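Trainee: Sequence unavailable; structure follows:
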């Protein structure tokens, strides 16, 4: 059974940092893609970043390039999203998702069949 569990959200001041974790079970990260999405109130779900194991590539939406970093720990079957220089506009519920058993990344949330429960990130002074 495929499961994704996020953690690490919280309240942080502008300019601060947070690290989100996505623990996966039921499949291995060695071969499949994991993406991070976010959804702010009244807005559509937005793709933030993706790691494609099959391509060995990472992707970021323009608004987070240079500030966010996606990484993985295969031994823990966990993906991380390190978020630095946070801005109020980064406030959202953050979700991780996988397209397992399909490979590769997409910015379309409909590409992904499995989702975590989400973790709230609030950037405010």
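Mentor: That came in fine, so what should we check first? Treat the numbers as computed from the prediction; the structure is a model and nothing was measured.
Trainee: Spatially central, which residue of the protein would that be?
Mentor: residue 36 (2.2 Å; Cα atoms, centre = their mean).
Trainee: Surely that one is within a strand?
Mentor: Yes - assigned with DSSP: H, G, I helix; E, B strand; the rest coil, residue 36 falls within a strand.
Trainee: is it in a bridge, and if so with what?
Mentor: With DSSP bridges applied, residue 36 shows beta-bridge pairing to residue 49, residue 96.
Trainee: who's in contact with residue 88?
Mentor: With contacts defined as Cβ atoms under 8 Å, 6 or more residues apart in numbering, residue 88 is in contact with 14, 123-124. For glycine as for every other residue, the C-beta is placed from the backbone atoms N, C-alpha and C.
Trainee: which among the residues you listed end up buried?
Mentor: With neighbours counted by 16 or more other Cβ atoms under 10 Å, those contain buried members at residue 123.
Trainee: Would you map the strands across this protein?
Mentor: Here the chain has its strands, by DSSP state E, at 3-7, 10-12, 18-25, 34-39, 46-52, 57-60, 68-73, 78-83, 92-98, 114-115, 119-123.
Trainee: Within its sheet, name the partner strands of the shortest one and how each one runs.
Mentor: Translated: strand 114-115. strand 92-98 (antiparallel).
Trainee: how far is stretch 78-97 from where the chain is centred?
Mentor: Distance, stretch centre to chain centre, for stretch 78-97: 7 Å (Cα atoms, centre = their mean, to the nearest Å).
Trainee: What residues does residue 60 make contact with?
Mentor: For residue 60, the contact set (Cβ under 8 Å, 6+ apart) comprises 48-49, 68, 70.
Trainee: let's see 7 Å
Mentor: Counting by Cβ atoms under 7 Å, 6 or more residues apart in numbering, residue 60 makes contact with 49, 68.
Trainee: Bridged to it, which residues?
Mentor: Note on residue 60: beta-bridge partners by DSSP bridges are residue 49.
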